[in-house]
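Peer 1: Whatever this is, show me its structure:
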Amino acid sequence: MSDTSTNDADVKLPSFGRGLSARVLLLTILFVLVSEVLIYAPSIARFRLDWLEEKLNTAHLAILALEATPDYMIDPELEVRLLNHVGARVIGLRAGDGKNLILRGSSPPLLVDVTVDLSSRDFLSLIDDGIDTLLQSRNRVLRVKGYSPRAADIVVDVVLDEWPLRQAMIAYSWRVLGFSVVISLITAALVFGALQWLIIRPMRRLTRGMVSFRQDPEDQRGDFGATMRGDEIGLAEREFGEMQDKVRHALQQRARLAALGTAVTKINHDLRGILATARLITDRLAESENPEVRKAAPALLRSLDRAVDLCSDTLNFTREGPPKPEFETFHLAELVEEVGESLAKLVTADKTWTSKVATGLAIRADRGQIYRILRNLGENALQMGAHQVTVSAIADAQGVEILVADDGPGLSPKAMENLFVPFKGSARAGGTGLGLAIARELMRGQGGDLKLSQSDSKGAVFALTLPSGDALMD
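Peer 2: This next block holds a predicted model:
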């Protein structure tokens, strides 16, 4: 008892760090960050594209200064200033009418590392180029060409350093990172708050109620009130509340039955002693010289036997569950013959007990319990008016099925309705219904079952089933 109390006291809800709340919070932040990363890749690619297009636009404006001169020549110092303003080393322009212009300044011939054609804007290639620029550790020379944003028929060609572009992209990335962290925290807080209110708090309350109910089922302080939620958690709370009520009712009923069983056991003990004394006296009456007394003695003996059987059945039913089966391997045909011999008082000239069980069929089960079940079924059938009771057996890969068939009048609808219910399912007048209830309990204790497979005006058939592997053929 002390061990159980210690285990119950050790059960408690997990702390915040190990509970569902922390996991939901961390997963929310992680998922938001993953979303931001997925957004960042195309965002940084778009930033690089806009930066390069802006360079083309500025380069176009710078090279227009050549068109203002008659011979397309400008002062070398002005040319250098224009190139520095754009941030380019060389600017070239090719118009649709064949006109070509170039601003070179004093730059020596350059070796271009990468050529970027902005007229081809494949989404994946833009992302790949943007990541490639961020990962560079050295300054590369880029040749950027594309149609001018100011004129669709003019191609602008710019040679520039990649390092300023990379620096601008890094600065943009830091801004995006800070913005993403702020969004992640705000989103995580909002999502966490919503999940905390909608799911986590009700789940912790439900879990706390389960732990409390397991520790003390009779304590009603932790019961759930009427909930108005129509979702799954509301349904779980209502079902748990109903389960609490049913379990408490079952525990109360079990306590009453346990007390009743203790009282019945004591009463049965005394009553069996009284009936034993009465039976001894009845045996003496059966030897009386008075013919009237001798005639009444058998009926009195039968009544006393029924009373003793009732005491035995009631005592067996009040025990804590069915007795543990003691498995052994035996021949079913021999057991059926023994049952027939025990029913000799009921078997007369017009009432027979027939066995159609194969002589080589052996089963593994509790022999005493199977004997008791078959005898109960045979006795019930013969007492209800059956003239012939036949026992047969079928063994296959699915298991063993023992059939007890009779040619009696069958069971009434009322008897069939509560057939295996104690004190309600009696198949004969004056019965208690304990016999069939105990028989089914014994069969289920062996891993099998007892059921009524047929009942009509031609008779009734009860089937005893045992699981596969319990049949052997000699």
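
Peer 1: In contact with L466: list those residues for me.
Peer 2: For L466, the contacting residues are I363, A365, G399, V400, E401, I402, Q446, G447, G448, by C-beta atoms under 8 Å, 6 or more residues apart in numbering. To be clear about C-beta, it is placed using only N, CA and C from the backbone, and glycine gets the same treatment.

Peer 1: out of those residues, who's nearest E239?
Peer 2: When the contacts of L466 are ranked by distance to E239 (C-beta to C-beta), G447 comes first, at 30.6 Å.

Peer 1: mind checking how far that closest one is from L464?
Peer 2: From G447 over to L464 the distance is 12 Å, taken as C-beta to C-beta, to the nearest Å.

Peer 1: tell me, what's touching these two both at once?
Peer 2: Once C-beta under 8 Å, 6+ apart is applied, it turns out that G447 and L464 contact no residue in common.

Peer 1: And the strands in the protein, which stretches?
Peer 2: With DSSP state E applied, the chain shows strands at 90-94, 100-103, 114-117, 141-148, 151-161, 328-331, 352-355, 361-365, 388-396, 399-406, 449-456, 459-467, 471-473, listed in chain order.

Peer 1: how about those in JSON lines, adding distance to A381 and mean pLDDT?
Peer 2: Rendered in JSON lines, the data for the strands of the chain read as follows (distance: least, C-beta to C-beta, whole Å; pLDDT from 0 to 100):
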{"stretch": "strand 90-94", "distance to A381": "111", "mean pLDDT": "88"}
{"stretch": "strand 100-103", "distance to A381": "116", "mean pLDDT": "84"}
{"stretch": "strand 114-117", "distance to A381": "98", "mean pLDDT": "89"}
{"stretch": "strand 141-148", "distance to A381": "101", "mean pLDDT": "89"}
{"stretch": "strand 151-161", "distance to A381": "103", "mean pLDDT": "87"}
{"stretch": "strand 328-331", "distance to A381": "23", "mean pLDDT": "92"}
{"stretch": "strand 352-355", "distance to A381": "9", "mean pLDDT": "93"}
{"stretch": "strand 361-365", "distance to A381": "21", "mean pLDDT": "91"}
{"stretch": "strand 388-396", "distance to A381": "5", "mean pLDDT": "92"}
{"stretch": "strand 399-406", "distance to A381": "4", "mean pLDDT": "93"}
{"stretch": "strand 449-456", "distance to A381": "11", "mean pLDDT": "90"}
{"stretch": "strand 459-467", "distance to A381": "7", "mean pLDDT": "92"}
{"stretch": "strand 471-473", "distance to A381": "25", "mean pLDDT": "57"}
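
Peer 1: Just put these in CSV and tack on distance to K414.
Peer 2: CSV is the format used below for the strands of the chain (distance: least, C-beta to C-beta, whole Å):
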stretch, distance to K414
strand 90-94, 105
strand 100-103, 110
strand 114-117, 93
strand 141-148, 95
strand 151-161, 96
strand 328-331, 37
strand 352-355, 27
strand 361-365, 32
strand 388-396, 23
strand 399-406, 19
strand 449-456, 12
strand 459-467, 14
strand 471-473, 36
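
Peer 1: returning to what we had before: of the contacts of L466, grab the buried ones for PyMOL.
Peer 2: In PyMOL, selecting the buried portion of those, with burial taken from 16 or more other C-beta atoms under 10 Å, looks like this:
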select buried, resi 363+365+399+400+401+402+446+448
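
Peer 1: L26: which of the contacts of L466 is nearest?
Peer 2: Of all the contacts of L466, the one with the least separation from L26 (C-beta to C-beta) is G447, at 47.7 Å.

Peer 1: hmm, back to that, return the member of the contacts of L466 nearest to L135.
Peer 2: Closest to L135 out of these is G447 (68.0 Å), distances taken as C-beta to C-beta.

Peer 1: For the closest residue to L374 other than its chain neighbours, which residues are in contact?
Peer 2: Beyond its immediate neighbours in the sequence, the residue positioned closest to L374 (C-beta to C-beta, 6 or more residues apart in numbering) is V339, lying 4.6 Å away. Neighbour list for V339: W353, Y371, L374, R375, G378, V391 [criterion: C-beta under 8 Å, 6+ apart].
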